[in-house]
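S.K.: Need the 3D shape of this:
(2 chains)
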Amino acid sequence: MANPVLTMEGISKEFPGVKALEGVDFELYPGEVHALMGENGAGKSTLMKILSGVYAPTNGIIRLKGEEVVFRNPLAAQHQGVSIIHQEFNLFPNLSAAENMYIDRPEIAGRFGWLSWSKMYREAQQLVDSIGGGGIDVRKEVRHLGVHSQQVIEIAKALSFQADVLIMDEPSAALPENEVQKMFEVVERLKAQGVAIVYVSHRMKEIFEIADKVTVLRDGRKIATRNISEVTEQSLIRMMVGKEVSQLYPVRPFQQRKETVLQVKQLSLDAAHAVSFQLHKGEILGLFGLPGSGSHTIACRLFGLAKGTGEIGINGKPVQINSPAEAKEMRIAYVPPDRHRQGIIKPLSIRSNLALPILRDLSEGGRLNQEKIKKISQYYMDRLHIKSPNDLQSVDFLSGGNQQKVVIGKWLASKPEILILEEPTRGVDVGAKAEIYNIIHELAQNGLSILLISSEMPEIIGLSDRILVLHKGEFVHEFGHGEADQEQLLKRASNPRLVEGDAV
Amino acid sequence: MKRLLNIHEAPTILFTLLIGIIFAFISPAFLGLDNVKLILDQNTTTCIVAIGMTMVILLGGIDLSVGSVLALTATSVGLFLSSGMSPWLASLLGVAVGVLCGIFNGYFIAVLNIPDIIVTLASMYIFRGLAVGISGGTWMTNFPSQFQFFGQGKLLGISFPLLVAIILVIGFVLLLKFTRFGRRIYAIGGNKSAARLAGIGIAKSKFTVYVYSGMLVGIAAVIFASKVGSVQASTAGSNLSFEVMAAVLIGGGSIFGGIGTIAGTVVGVLLMGMIKNGLIIAKVSPFWVDAATGFLIILAIVINTLQHVRQNRRKGGELI
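M.R.: Down below sits the predicted model:
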């Protein structure tokens, strides 16, 4: 075989308190599609950020075509031939496709150093056509292009830098099903041109369709690199999840099903298609799906953040939920996935954050009852073990875990009957995770009905009484108490048809 | 036809034509050559200042201080003249004062990264205060007769201010369309993080834009002082900031940055000027001008937003 275009040797990366990568080796040959797989938190994105110049490795060497390189920033990496296409595109919506590819590049200057639009359009169109994007008019503004076309523009932009290595991060996540094949055709053409492609994806089916090799990471280490012909879906999943599930989780015994609290019928909107389920009193119901499978959509719908068709019933009565305020009235609470952007108000104190959803109940004749607020705040500080000298501290100074407890606490203060938790332990350290798991367990024991949405499989499996698996907006399987393991779960979520002899 | 309608400025242009036709019906004098000349001439200073504001808004920024910069520059020119300086030198130094104001704004906004609305709110007071201070609060008049050329003179058969405005408009249109500097402004306004990843120096571009803007206000101030023949530091250009911002928005600029053109802004300036002029010709009380301008802005924003909504409808996007 030819020489590798890229080698990474002994790459380690440490963040304060966390070892994200430990001694990872990675080799990439021209004209190959190399899949990179691993669970959330396995280190895939850290490795790719190092490769694309976002992070510098703590240890280790990167060689490009045999020569050692250090990328100071993504642009430097790009100029040396390593480009990354993020899941979220980095495009200028207000500019033409051609300009997106050639923004601020001296090589398209015409006379007197002035920009030559005709030259830019010509070269951009050529490049786009060469990778099979012939239908795209590069004069169009990017905001008027579809997602697939935008992706083609991103790829063409990378190629305009003479990319030898192209990293594609979950390239199919943004695409509708019928456009994934088109993307594959583009990838095949790139292969034929000798570009080496790192393909980061969760989706088994795609890996087997497009990849030549696969490398699996787990807990920041490389587990193995194999030819795709040497692995099966089973063996890949086993490599990804390892075996043991740690003792982070409280033991949840089997529960007799109680009365239905929340009934959802034929809910459709956006990414979710005709979804029906029931949530019972004191139950923890897990919703699991790969990114884009629709679980976030369902949460938004239930909390009145999005409108759609279908029926929602609470305690047997049909209800309309058109806004978060109405959802609150129905005693629904929602702990959103992005704590920083959606959960806490950073400059405010713990006390103010906790009081936020219940300000109406705390006001008496237009004045807030400070005594009551103090009492409630103190209660949840104790109850959730929020660690802080006092509750007047601004939440900005708290650790991630304590911030998350504040978000949970403020919604508990609203005395909900139904609690929707989405990614409740994202960016939280292990100790705080265990604490939060215990809190969730206790809440359910005390009769709160919980809808748990998480991309972390151990969490879903460890906490849920039942698990519903979503695939492309539809429920494809239900796991009863104690039935699920990571292998099964991932298999159902990534490609339900692969599960043989099983009518879904 | 459909392609023409897809041009971003199309609604504004159509609307301007419509308003023109309506006024022409009400009063035939409206489209008379003299009146058209008058409209053009009355709006040259606004137009020149609006060029700079277009760039600022394209960056996603805002500048509240241009009216005060105009006052400070005009007052300075008045002082230079009264000290016996030649009109050309006084004007040149005046423009330099405008540039210095731009450097001041640019330094705090681009280099120290302080929000533009705060910086220009502060500098709005500072520059105005300086103008009042150095003028001693009195009217500046009795400019030498040669100085009148800048505001009232004629060159090649058209008025000098109009000529300057036309040259500046063409110059900056080309700058924005054909230079890396110009395209960087659009890139930064369109997606700041993508611009950063593309290696674009955001601070440098911002700084340059504020300096250009200061220079343009300086030029406008010279014309203003000469045309009016007197300057009162406390009132000169007191409404200018809002007027030019309105012109940019009416001309299709987006307050979020990245979208807008100088051509659109010029149409915006003309539309506002036409309405002012037309209402007077139609013998409507001038008191209604402000209300009409306000409605125009709302209308422009509605059109902007509708376009935005239509373009984003297909995309689904994030729910929260």
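S.K.: Going by C-alpha atoms from here, please, whenever you check contacts or count neighbours.
M.R.: Fine.
S.K.: phi, psi of the residue in the stretch 401-504 of chain A positioned nearest to chain B?
M.R.: Going by Cα to the nearest Cα, chain B is nearest to A:Glu422 of the stretch 401-504 of chain A, at 13.0 Å. For A:Glu422, the backbone dihedrals (degrees, to the nearest 10) come out as phi -120, psi 120.
S.K.: how about the helices of the stretch 151-300 of chain A, start to end?
M.R.: Residue ranges of the helices in the stretch 151-300 of chain A, as given by DSSP state H, counting those that start in this stretch, are A:177-192, A:204-210, A:233-241, A:295-302.
S.K.: Among the ones you listed, which one carries the weakest average confidence?
M.R.: For those, mean pLDDT drops lowest on helix A:233-241, to a mean of 80.
S.K.: Give the buried residues for that one.
M.R.: Using 16 or more other Cα atoms under 10 Å in any protein chain shown as the test for burial, helix A:233-241 gives A:233, A:236-237, A:239-241.
S.K.: Pull up the residues of the stretch 251-400 of chain A that are close to chain B.
M.R.: Neighbours of chain B within the stretch 251-400 of chain A, by Cα under 8 Å from any Cα of the partner chain: A:270, A:297, A:300, A:305-306.
S.K.: what two of the residues you listed are the furthest from one another?
M.R.: A:Asp270 and A:Leu305 (12.3 Å; Cα to Cα).
S.K.: Show me what the single longest helix found in chain B is packed up against.
M.R.: The single longest helix within chain B, with elements called by DSSP state H, is helix B:202-228. If you count contacts as 3 or more Cα pairs under 8 Å, 6 or more residues apart in numbering or on different chains; DSSP states H and E, helix B:202-228 packs onto helix B:44-58, helix B:66-82, helix B:87-106, helix B:149-152, helix B:180-190.
S.K.: what is the mean pLDDT for the helix or strand that B:Val302 is a member of?
M.R.: In the assignment (DSSP states H and E), B:Val302 maps to helix B:288-312. Mean pLDDT, helix B:288-312: 73.
S.K.: can you pull the contacts of the residue of the stretch 401-504 of chain A closest to chain B?
M.R.: A:296, A:299, A:334-337, A:452-454 (Cα atoms under 8 Å, 6 or more residues apart in numbering or on different chains).
S.K.: which of those has the most neighbours?
M.R.: Counting neighbours by other Cα atoms under 10 Å in any protein chain shown, A:Ile453 comes out on top of those with 27 neighbours.
S.K.: if you skip the residues just before and after it, what's nearest to the residue nearest to the spatial centre of chain A?
M.R.: By Cα atoms, centre = their mean, the mean C-alpha position of chain A lies nearest to A:Pro291, the distance being 5.6 Å. In space, and not counting its chain neighbours, A:Pro291 is closest to A:Ala173: 6.9 Å by Cα to Cα, 6 or more residues apart in numbering or on different chains.
S.K.: what does A:Asp219 give?
M.R.: Using Cα to Cα, 6+ apart and skipping the chain neighbours, the partner closest in space to A:Asp219 is A:Ala42 (4.5 Å).
S.K.: Could I get the contacting residues of that neighbour?
M.R.: Applying Cα under 8 Å, 6+ apart, the residues near A:Ala42 are A:20, A:217-221.
S.K.: do A:Ile136 as well
M.R.: By Cα under 8 Å, 6+ apart, A:Ile136 lies in contact with A:128, A:149.
S.K.: and which of the contacts of A:Ala42 is nearest chain B?
M.R.: A:Ala20 (23.8 Å).
S.K.: Thought A:Lys44 was touching that closest one, still the case?
M.R.: No - when contacts are counted by Cα atoms under 8 Å, A:Ala20 is not listed as touching A:Lys44 (9.3 Å).
S.K.: Output the below-cut-off pLDDT ranges for the stretch 1-150 of chain B.
M.R.: Low-confidence segments of the stretch 1-150 of chain B, defined by pLDDT under 70, span residues B:1-8.
S.K.: residue in it nearest to chain A?
M.R.: The stretch 1-150 of chain B approaches chain A most closely through B:Leu58 (10.8 Å), counting by Cα to the nearest Cα.
S.K.: and the nearest residue to that residue once chain neighbours are set aside, how many neighbours?
M.R.: Among residues not flanking B:Leu58 along the chain, B:Gly257 sits closest, at 4.3 Å (Cα to Cα, 6+ apart). The number of residues packed near B:Gly257 is 24, by other Cα under 10 Å.
S.K.: thought B:Gly257 was touching B:Gly189?
M.R.: Yes - counting by Cα under 8 Å, B:Gly189 is a contact partner of B:Gly257 at 4.4 Å.
S.K.: list residues touching both of those two?
M.R.: Shared contacts of B:Gly257 and B:Gly189 (Cα under 8 Å, 6+ apart): B:58-60.
S.K.: Out of those, which end up buried?
M.R.: For these, a neighbour count by 16+ other Cα under 10 Å gives the buried set as B:58-60.
S.K.: Using CSV, lay out the residues you listed together with distance to B:Leu33.
M.R.: Shown next, in CSV, are those (distance: Cα to Cα, whole Å):
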residue, distance to B:Leu33
B:Leu58, 34
B:Leu59, 37
B:Gly60, 38
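S.K.: Among those residues, which one lies nearest to A:Asn322?
M.R.: For those, the nearest to A:Asn322 is B:Gly60 (32.8 Å; Cα to Cα).
S.K.: Which residue is the nearest non-sequential neighbour of the closest one?
M.R.: In this structure, B:Gly60 finds its nearest non-sequential neighbour in B:Gly257, 3.7 Å apart by Cα to Cα, 6+ apart.
S.K.: A:Met101 too?
M.R.: Among residues not flanking A:Met101 along the chain, A:Lys157 sits closest, at 4.4 Å (Cα to Cα, 6+ apart).
S.K.: Pull the contacting residues for B:Thr54.
M.R.: Contacts of B:Thr54 by Cα under 8 Å, 6+ apart are B:245, B:248, B:253, B:260-262, B:265.
S.K.: Which ones among those map onto helices?
M.R.: Using DSSP H, the contacts of B:Thr54 in helices are B:245, B:248, B:262, B:265.
S.K.: How much space separates the first one from B:Gly252?
M.R.: Meaning B:Met245. The spacing between B:Met245 and B:Gly252, counted by Cα to Cα, to the nearest Å, is 11 Å.
S.K.: again with the last one
M.R.: With the distance defined as Cα to Cα, B:Thr265 ends up 7 Å from B:Gly252.
S.K.: what's the distance between the helix-or-strand element of chain A with minimal mean pLDDT and the middle of its chain?
M.R.: Counting by mean pLDDT, DSSP states H and E, chain A has its least confident helix or strand at helix A:233-241, which shows a mean of 80. Centre-to-centre, helix A:233-241 and its host chain are 20 Å apart (Cα atoms, centre = their mean, to the nearest Å).
S.K.: and if you look at stretch A:402-419?
M.R.: 23 Å.
S.K.: list the buried ones in that stretch?
M.R.: For stretch A:402-419, using 16+ other Cα under 10 Å, the buried residues are A:402-419.
S.K.: So which of those reach chain B?
M.R.: Counting by Cα under 8 Å from any Cα, no member of those reaches chain B.
S.K.: Just give me the neighbour total for A:Ala444.
M.R.: Considering only other Cα under 10 Å, A:Ala444 is surrounded by 18 other residues.
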